[in-house]
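In: no FASTA, just this:
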Ligand SMILES: [Zn+2]
């Protein structure tokens, strides 16, 4: 019997429960899985998934189009006036 397991999926597989606890490190907003990366639903930062492990380093996240600085992101915790 030939059991062929084709694992040619482009979609990264992250356990649902892990996905649910992961948040954007910048603004604690939820993330969504998009292709092989995690995207912040609020600021749009894109975190790569490497070998099934999300790389949550802000320094290595990809900025959304049109954004050149972290301070421009919706998640950036720099609102004047504090809380
Ligand atoms: Zn964010």
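Out: Thanks, I have it. All of these numbers come straight from a predicted model, not from anything done at the bench.
In: Does the most centrally placed residue in the chain fall in a helix, a strand, or a coil region?
Out: For the chain, residue 38 is the residue whose C-alpha lies nearest the centre (C-alpha atoms, centre = their mean; 2.7 Å). Residue 38 carries the three-state label strand when classified by DSSP: H, G, I helix; E, B strand; the rest coil.
In: gap between residue 53 and residue 35?
Out: From residue 53 across to residue 35, the span is 16 Å (C-beta to C-beta, to the nearest Å). From N, CA and C alone the C-beta is placed, and that goes for glycine too.
In: Per-residue pLDDT of the residue nearest to the centre of the chain, please?
Out: Note on residue 38: pLDDT of 96.
In: C-terminal to the least confident helix or strand in the chain by mean pLDDT, what's the next element?
Out: Lowest by mean pLDDT, DSSP states H and E among the helices and strands of the chain is helix 16-21, with a mean of 89. Sequence order places strand 31-34 as the next helix or strand after helix 16-21, per DSSP states H and E.
In: Can you mark which positions in that following strand are buried?
Out: 31, 33 (16 or more other C-beta atoms under 10 Å).
In: Direction included, what does that strand pair up with?
Out: strand 37-40 (antiparallel) (DSSP bridges).
In: Name the residues that touch the strand it pairs with?
Out: The contact list for strand 37-40 (C-beta atoms under 8 Å, 6 or more residues apart in numbering) reads 12, 14, 19, 22, 24, 26-27, 29-33, 45-49, 54, 62, 75.
In: Please, a PyMOL command that selects the buried ones among those?
Out: Selection of buried members from these for PyMOL, criterion 16+ other C-beta under 10 Å:
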select buried, resi 12+14+22+24+26+29+31+33+45+47+48+49+54+75
